[in-house]
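J.: Dropping a prediction and its sequence here:
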Amino acid sequence: MAMLLEVRDLTTRFHTLDGVVYAVNGISYTLEEGQTLGIVGESGCGKSVSVLSVMRLIPEPPGKIAAGQVIYRGQDLLKVDEAQMQQIRGKEIAMVFQDPMTSLNPVLTIGRQISEALMVHMGMSQEQAYQRTSELLDMVGIPQTADRYTNYPHQFSGGMRQRVMIAMALACMPSILIADEPTTALDVTIQAQIIDLVKTLRDRLGMAVIWITHDLGIIAGLAEKVIVMYAGFIVERGNVDDIYDDPRHPYTLALLKSLPRVDRSSKERLATIPGLPPDLLGLPPGCPFTTRCAYVVERCHQENPRLEPAGLGHEVACWVDVTTGRER
Amino acid sequence: METTVENVAANVLDEFEIPPLSPRELVWRRFRRHKMAVAGIFIIIFLILYSVGGAFFLSESYANHTDTSKRLQPPSAEHPFGTDTVGRDILARTIYGGQISLLIGLFAVAVETIVGVLIGAIAGYRGGLTDSILMRFTEAMFNIPQLFLLLVMAKFFAGKIPTIQLLGRTFSGSVIVIIFILGLTSWMYLARIVRADFLSLKEREFILAARTIGTSNLEIIVQHILPNSMAPIIVSATLGVASAILVEAYISFLGLGVQPPTATWGNMLDGAYNYIDSAPWLWIFPGILIVLTVLAINFVGDGLRDALDPRTLTE
Amino acid sequence: MSDDQVLLKVQDLKKHFPITRGILIQRQVGAVRAVDGITFDIYRGETLGLVGESGCGKTTAGRTILQLYRPTAGRVIFDGTDLTVLKGNALRHMRQRIQMIFQDPYASLNPRITIARIIGEPLRVHKLASPQDQVERVQELLHLVRLNPRFINRYPHEFSGGQRQRIGIARAIASNPEFIVCDEPISALDVSIQAQVVNLLEDLQDQLGLTYLFIAHDLSMVRHICNRVAVMYLGLIVELAAKDELYDHPLHPYTQALLSAVPVPDPKAERKRRRIILEGDVPSPVNPPSGCRFHTRCSRAQERCAQEEPTWQDVGGGHFVACHVV
């Protein structure tokens, strides 16, 4: 499989009045053609910021991509100029956000917005764009009613709007689709529809997908490779079966244990993760999970562990081997 | 639509739980960034010291003391601001006049705020018929011209207003009349704003929570909604003082304001009408003071309005 | 369970929100039929789950039960007293015994007052403690919800989402209620915090003998915390059963689709699943479909479903369902 995207040591910070927010702290990963990568973590772990950095959509100021490389088809996206980046955004790498209302222009009709993207990026004529828009709307399952072009975003339901977003994202046949919590605000049956749609399109078009969410259930059913993030670091990564069957990082472990399941009767209390999510205003020397970790040892306070192999294609950043409970 | 930095910017920082400052600290910090607003505060402090403190140096009787032999004298060592048409010291008159002008500003705003908040709160909270009636009444009040009222008042009360003795000062009762007229004709703007605020606030979840607990409507209004709608009230009150002072100035200029011999900055301008060229000191000093006051208050008001902007003060 | 164990009886409860048009005179041209006739009992000490997707009316149902919205029709009988006929002080007095925990930990606390006043408000309103004793009682409550009592004079913004939710819980139990409506109490919280709050709710239920109506859309969490579960769709309850019975043997097509749509954090299980994908969107509660409201999206719909509203059937074992095709 060809290497499509390689992220190396990506570091992003925000300079706010209250101090520096260490949002993303040197993360690295790769994405092959047609692969589906899931990035999992809670709010504030840096998962959204990391992909916004890849797309160079971080507002500067107050943000700044402080270090790293984002190599797409051999080119470092962090070094190209904005004009080239605009060519890549939407055409090669497309993005779908959580709230379609902020990404869709409320005063333009759906038909116009999609056609516009086509005409600008693919140089289509109005006729061709109209035709293609029709195909796209069919592809994402928007019923063929007469007013589907002339409707405005607010006239569609949340699920429909998200389909429109996907249609726009796929309009130019990108190689990578990045989806940032696209179904978090949707009902569970609508969410199932959207995920089903993305899977179908992904398989049909051979697209690579990066799906970001806090929902471990979605990732289990969608991703091939998984990255778990905490406080701007990658704490564990591997293929999806390894992460769920054999989690090695205390955070992943604790998270999986704290989730109730719809297909199982539960009699015991939910396991909890004590403490609070991390404060990103500082970068303490040790591991960021120390204050909440059940396996903490002295070394954890002093040094932040790097990702080390824990199996085939499975890496974890931890000083302790959770299978034995002893320090590595 | 292109995914651009602008579209994305608003959402990015939401991901982080940076511990926010308290509302008060946030407001103060943002206010401080308005250099003009801070300057305005200093100017206001100065003006208050001037009008109140100045009274310790020059007595009221001195301010009212006429001496036609010394009339229309330009500024000198003895009379730093010169003398007026009947020989009174202008400096002293600006001090005592300042007291009255500022007093009118403050109390007119007090009347305006109380009436405006009451009506706006009741209309916004009760809604329905009460709201309709109160709003129609408010709109009707908009159509009553202040000037007309003042003309009528002037005609009606001419010569009948007693002088009042208060806080060691003697001044014309027309001051009280002016305060009420100003207050009772400018509350409508505030009422509308307060009503809008109440309409939206009463749907907020913590209000629902208070109702769930069984808190009475009055307590909800006073303890929950009002403290959260202070922003427009404060801004309105602040700017209202400037507005009242200005209105007082021009109605006095028309001769309908506070009656002599009580001085206000406004009626001092009126007295200068016939001497604009020949004795400019008659109007320059009170004029400057009015301008300074109004400007300073406006700066402070603008600073407050930006600092209190609810759109960026989400909890 | 015997009848004297029933704490709350909801009978054919309806809440319609009128839609009006007109400038001078407002005419009612329609109504949002948010809750359109629900009936169920809640037993003392249990947790009844009320689930459904957006627009199903579950939040409206919770608020109407508490008389925060006055019902359009129907009755709510709490411990023998019909709440729908109470007004003014009588109703306010009753509120001591029935409380609510809200969804949004940021919006449900007044940002301008200290948490001492927030939590103490029920004590003040119902005169449950003298001003001197209030501080002590608030500290007790903070302790109960596992927050440091030292924080008593802080403001809401100084706390995290999970902590604010605990403050909301402390406020809800302050008046020693018997019944609490939990309206999506954990939806707005991070996953790692949700378990903490759920455990707290369960512990409080044991310690204080509380009865919960747990409104939520997270079906996995509902399975964990509830004893019985009711499924709502477009203002009506379509199925009600004990939790394991509902989750393992759902009868109504909507319940089946709902359960099949919930992702499970287990890749092997996910690969084996056969999802029932529903077509289209939820219809508008202004104009619900005729007959069975679900028939427009139901894969098993028959002619009868479009014409006749299904009746509430007792299938045995406390399992009820409203469906023609079952």
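T.: Great, that's in hand. Quick caveat, the model's predicted, so the values are computed rather than measured.
J.: Every contact and neighbour count from this point should use C-alpha atoms.
T.: Fine.
J.: May I have the phi/psi pair for the residue nearest to the spatial centre of chain A?
T.: Compute the mean C-alpha point of chain A, and by C-alpha atoms, centre = their mean the closest residue is A:Ile212, 2.6 Å away. Backbone torsions of A:Ile212, given as degrees, to the nearest 10, read phi -110, psi 130.
J.: Tell me, what's the model's pLDDT at residue 216?
T.: Since you didn't name a chain, this refers to chain A. Model confidence at A:Leu216, given as pLDDT, is 93.
J.: that's the wrong chain, I wanted chain C
T.: For C:Ala216, pLDDT reads 93.
J.: For it, list each beta-bridge partner.
T.: Per DSSP bridges, the residues bridged to C:Ala216 are C:Val51.
J.: does it really touch C:Asp183, like I thought?
T.: Yes - C:Ala216 is within contact range of C:Asp183, at 6.7 Å (criterion: C-alpha atoms under 8 Å).
J.: touching chain B at all, stretch A:228-246?
T.: No - between stretch A:228-246 and chain B, judged by C-alpha under 8 Å from any C-alpha of the partner chain, nothing touches; the nearest distance is 10.2 Å.
J.: Rounded mean pLDDT for that stretch, please.
T.: 94.
J.: List the buried residues in the helix or strand of chain A with the lowest mean pLDDT.
T.: Among the helices and strands of chain A, helix A:100-103 carries the lowest confidence by mean pLDDT, DSSP states H and E, at a mean of 76. Within helix A:100-103, the residues that count as buried by 16 or more other C-alpha atoms under 10 Å in any protein chain shown are A:Pro100, A:Ser103.
J.: so where do the strands sit in chain C?
T.: Shown for chain C, the strands assigned by DSSP state E span residues C:6-21, C:27-43, C:47-51, C:73-78, C:81-82, C:98-101, C:179-183, C:211-216, C:228-233, C:236-242, C:313-316, C:319-321.
J.: could you dump these to a markdown table with distance to B:Thr113?
T.: Listed next are the strands of chain C as a markdown table, based on distance: least, C-alpha to C-alpha, whole Å:
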| stretch | distance to B:Thr113 |
| --- | --- |
| strand C:6-21 | 34 |
| strand C:27-43 | 36 |
| strand C:47-51 | 47 |
| strand C:73-78 | 42 |
| strand C:81-82 | 43 |
| strand C:98-101 | 36 |
| strand C:179-183 | 39 |
| strand C:211-216 | 43 |
| strand C:228-233 | 48 |
| strand C:236-242 | 48 |
| strand C:313-316 | 61 |
| strand C:319-321 | 59 |
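J.: of the ones you listed, which approaches C:Glu158 most closely?
T.: Closest to C:Glu158 of the strands of chain C is strand C:98-101 (C-alpha to C-alpha; 19.9 Å).
J.: Go ahead and flag the most central residue of chain B.
T.: Centre-most residue of chain B, counting by C-alpha atoms, centre = their mean: B:Val241, 1.1 Å.
J.: Could you find the closest non-adjacent residue to it?
T.: B:Gly105 (4.6 Å; C-alpha to C-alpha, 6 or more residues apart in numbering or on different chains).
J.: Which of the helices or strands spans that neighbour?
T.: Using DSSP states H and E, B:Gly105 sits within helix B:90-126.
J.: What of B:Ile245?
T.: Following DSSP H and E, one finds B:Ile245 within helix B:230-253.
J.: And the contacts of the helix or strand that that helix is followed by?
T.: Later in the chain than helix B:230-253, the nearest helix or strand by DSSP H and E is helix B:265-271. With contact meaning C-alpha atoms under 8 Å, 6 or more residues apart in numbering or on different chains, helix B:265-271 is reached by B:85, B:94, B:97-98, B:101, B:248-255, B:257-258, B:282-283, B:286-287, B:289-290.
J.: Only the buried members of these: can you turn that into a ChimeraX selection?
T.: Listed next is the ChimeraX selection for buried residues among the contacts of helix B:265-271, using 16+ other C-alpha under 10 Å:
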select /B:85,94,97,98,101,248,249,250,251,252,253,255,257,258,282,283,286,287,290
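J.: Tell me how far the residue nearest the centre of chain C lies from C:Gly62.
T.: Centroid check for chain C by C-alpha atoms, centre = their mean gives C:Ile215 as the closest residue, at 2.8 Å. Plainly put, C:Ile215 is 8 Å away from C:Gly62 if you go by C-alpha to C-alpha, to the nearest Å.
J.: Please list the residues outside the helix holding B:Ile245 that contact it.
T.: Counting by C-alpha under 8 Å, 6+ apart, B:101-102, B:104-106, B:108-110, B:113, B:117, B:147, B:178, B:182, B:190, B:193-194, B:257-258, B:264-267, B:269-271, B:290, B:293-295, B:297-298, B:300-302, B:304-305, B:308-310 sit against helix B:230-253.
J.: Average pLDDT for that helix, rounded please.
T.: On average, the pLDDT along helix B:230-253 is 87.
J.: For chain A, what's its nearest residue on the stretch 1-150 of chain C.
T.: C:Glu53 (5.7 Å; C-alpha to the nearest C-alpha).
J.: number of nearby residues for the closest residue to that residue other than its chain neighbours?
T.: Nearest-residue entry for C:Glu53: A:Asp187, 5.7 Å, with adjacent residues in sequence omitted and distances by C-alpha to C-alpha, 6+ apart. Look at A:Asp187: counted by other C-alpha atoms under 10 Å in any protein chain shown, it has 21 neighbours.
J.: same check, this time on B:Val222
T.: So B:Val222, with other C-alpha under 10 Å, has 12 neighbours.
J.: any idea how far it is from chain A?
T.: 34 Å (C-alpha to the nearest C-alpha, to the nearest Å).
J.: Tell me the secondary structure at that residue.
T.: Put simply, B:Val222 is helix when judged by DSSP: H, G, I helix; E, B strand; the rest coil.
J.: Look up the closest residue to the residue in the stretch 151-300 of chain B that chain A sits nearest to, ignoring the ones flanking it.
T.: Closest contact between the stretch 151-300 of chain B and chain A, by C-alpha to the nearest C-alpha, is at B:Glu205 (19.7 Å). Among residues not flanking B:Glu205 along the chain, C:Ser108 sits closest, at 4.7 Å (C-alpha to C-alpha, 6+ apart).
J.: can you check B:Ser69 too?
T.: Spatially, and ignoring its direct neighbours in sequence, B:Ser69 is nearest to B:Gly87 (6.9 Å; C-alpha to C-alpha, 6+ apart).
J.: circling back to that earlier point, could you pick out the buried ones from the contacts of helix B:230-253?
T.: So, by 16+ other C-alpha under 10 Å, the buried ones in the contacts of helix B:230-253 are B:101-102, B:104-106, B:108-110, B:113, B:117, B:178, B:182, B:190, B:193-194, B:257-258, B:264-267, B:269-271, B:290, B:293-295, B:297-298, B:300-302, B:304-305, B:308.
J.: just to revisit the earlier point, now for the residue nearest to the centre of chain C: which residues touch it?
T.: Taking C-alpha under 8 Å, 6+ apart as the test, what C:Ile215 contacts is C:Gly49, C:Leu50, C:Val51, C:Lys58, C:Thr59, C:Gly62, C:Val181, C:Cys182, C:Asp183, C:Glu184.
J.: try C:Ile225
T.: Counted by C-alpha under 8 Å, 6+ apart, C:Ile225 has contacts C:Thr47, C:Val198, C:Glu202.
J.: tally of neighbours for C:Ser284?
T.: For C:Ser284, using other C-alpha under 10 Å, the count is 14.
J.: Give me the pLDDT for it.
T.: 83.
J.: do you know how far it is from A:Pro106?
T.: 22 Å.
J.: what's the burial count for C:Asp133?
T.: Neighbour number of C:Asp133 under other C-alpha under 10 Å is 11.
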